[in-house]
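> Have a look; sequence and predicted model below, questions after that.
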Amino acid sequence: MLPDWRDHLLKTFDDLDLCLVGGESSRAAMQRGVAVVNEILLHNTKTTIIVTHGNLMTLLLKHFHQQIGFAEWQRLTNPDIYNVVIGNDYVEVKRIWQKS
């Protein structure tokens, strides 16, 4: 593990194509996650739950809401829950987990 891994993680949010040795870029990870979401959208379901780790979740949220980034990743709790509503012409992203 890199002692300054948070600095490297920050860079991957600033440069989505940055790929550290042995890893994948944020863009590649995001595309992998978005492919799953797109597959889910092909099915006639009202509600779907996607479970993932914080890094990939933050990248998925960033795909739908460009302002999401490293700061939001830093504020994640474990667990954390976001509600994403995808319509024909809109996407709504809302954090619904409240730490007690």
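Here it is on my side, so go on.

> So which residues make contact with stretch 60-71?
9-10, 13-14, 30, 33-34, 37, 50, 52, 58, 72, 82, 84, 86, 91, 93 (C-beta atoms under 8 Å, 6 or more residues apart in numbering). C-betas here are computed from N, CA, C, even on glycine.

> quick one, strands of the protein?
82-86, 91-95 (DSSP state E).

> Include mean pLDDT, distance to E24 and mean neighbour count when you put those into TSV, please.
Shown next, in TSV, are the strands of the chain (pLDDT from 0 to 100; distance: least, C-beta to C-beta, whole Å; neighbours: other C-beta atoms under 10 Å):
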stretch	mean pLDDT	distance to E24	mean neighbour count
strand 82-86	95	22	14
strand 91-95	95	23	13
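
> how about CSV for these, with distance to Q66 added?
Shown next, in CSV, are these (distance: least, C-beta to C-beta, whole Å):
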stretch, distance to Q66
strand 82-86, 14
strand 91-95, 11
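
> Out of these, which is closest to M1?
Closest approach to M1 among the strands of the chain is made by strand 82-86 (27.1 Å; C-beta to C-beta).

> ok, back up a step: list buried residues within the contacts of stretch 60-71.
Those of these that meet the buried threshold are 9-10, 13, 30, 33, 58, 72, 82, 84, 93, by 16 or more other C-beta atoms under 10 Å.

> farthest-separated two in those?
L10 and V84 (23.8 Å).

> burial of the closest residue to R27 other than its chain neighbours, as a residue count?
The shortest distance from R27 to any non-neighbouring residue, by C-beta to C-beta, 6 or more residues apart in numbering, is to L16 (4.1 Å). Neighbourhood size, L16 [other C-beta atoms under 10 Å]: 16.
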